[in-house]
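**Student:** The sequence isn't on hand, but the structure is:
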Ligand SMILES: Nc1nc2c(ncn2[C@@H]2O[C@H](COP(=O)(O)OP(=O)(O)OP(=O)(O)O)[C@@H](O)[C@H]2O)c(=O)[nH]1
């Protein structure tokens, strides 16, 4: 595994500062090393989130997945309770990388395959992530017992296997779009702690909101007619007769008036 160390510094944030730790393995200065935002003084039993990178959700603000929501919820919860560790791993597309994820998206959109089946078609493992870096960070912070924010049983298993005492705290996920609900339903079938019944309730709420909007638009009161405006008229004004003396004063240039 090579020597492992944490480089630590403070980070300013509008909602409250925290510490950042970056995991170094040996003398490797390249790549995006695993890191963590450390809130307060986390001790055993604190909130922990192990988060994998998602450029679509976190940077492009897509609503097709739950990544951004979970990142924000985790930070908000850690701030609220005063401590916690948010580990961020460079594991785009469940560890397969961004290109694989984009190819998977294409298959989902063209062929209707779910996110896991599309990886199978591409000849990729459905999830190739490992959590040894997260384990190394938590051990370096002196933690043995954690409350893990996740719906993913593989993360719970990874920490348990590494001799952590883990209490799972699942997120209540909401599918913000039909695509997001399909993605979440696929995760539920894959074993994530996500309720299909909740997703269906979300879909029903969305349908109702859509119908409500349509009905309101259809039955909206016709706009009140504005009274017809009188046509514009040209007003004939009397032309004033100008005294020749006054005219020479008013037409004088400023320089004339100074002397
Ligand atoms: N292939 C693919 N990957 C996705 C898609 N949406 C998100 N991802 C990736 O899936 C991973 C989601 O990671 P996490 O946020 O740690 O979530 P998780 O494994 O679902 O488990 P939780 O802890 O419950 O959030 C990231 O690597 C994302 O880049 C998608 O539509 N297709």
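**Tutor:** Cool, got the structure. Computed from a prediction, not measured in an experiment: that's the story for all the values here.

**Student:** Residue 144: neighbour count?
**Tutor:** One way to gauge burial is a neighbour count; for residue 144, by other C-beta atoms under 10 Å, it gives 12. Backbone N, C-alpha and C define where each C-beta goes, glycine included.

**Student:** could you list every residue that touches it?
**Tutor:** With contacts defined as C-beta atoms under 8 Å, 6 or more residues apart in numbering, the neighbours of residue 144 are 44, 163-165.

**Student:** want to try a markdown table for these, with pLDDT as columns?
**Tutor:** Conversion of the contacts of residue 144 to a markdown table gives the following (pLDDT from 0 to 100):
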| residue | pLDDT |
| --- | --- |
| 44 | 98 |
| 163 | 97 |
| 164 | 98 |
| 165 | 98 |
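
**Student:** Narrow the residues you listed to those that are buried.
**Tutor:** For those, a neighbour count by 16 or more other C-beta atoms under 10 Å gives the buried set as residue 164.

**Student:** the helices in the stretch 101-250 of the chain, which residues?
**Tutor:** Taking DSSP state H, counting those that start in this stretch as the criterion, the stretch 101-250 of the chain contains helices spanning 115-121, 132-140, 153-161, 178-189, 196-218, 244-250.

**Student:** closest one to the ligand among the ones you listed?
**Tutor:** Using C-beta to the nearest ligand atom as the measure, helix 115-121 is the one of the helices of the stretch 101-250 of the chain that comes nearest the ligand, at 4.2 Å.

**Student:** picking up where we left off before, mind putting the helices of the stretch 101-250 of the chain into JSON lines with distance to residue 238?
**Tutor:** Written out in JSON lines, the entries for those read as follows (distance: least, C-beta to C-beta, whole Å):
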{"stretch": "helix 115-121", "distance to residue 238": "83"}
{"stretch": "helix 132-140", "distance to residue 238": "90"}
{"stretch": "helix 153-161", "distance to residue 238": "90"}
{"stretch": "helix 178-189", "distance to residue 238": "73"}
{"stretch": "helix 196-218", "distance to residue 238": "55"}
{"stretch": "helix 244-250", "distance to residue 238": "17"}
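
**Student:** okay, those in TSV with mean neighbour count, mean pLDDT and distance to residue 107 next?
**Tutor:** Output for the helices of the stretch 101-250 of the chain, formatted as TSV (neighbours: other C-beta atoms under 10 Å; pLDDT from 0 to 100; distance: least, C-beta to C-beta, whole Å):
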stretch	mean neighbour count	mean pLDDT	distance to residue 107
helix 115-121	18	97	4
helix 132-140	19	97	29
helix 153-161	17	98	23
helix 178-189	18	92	13
helix 196-218	11	83	22
helix 244-250	8	50	82
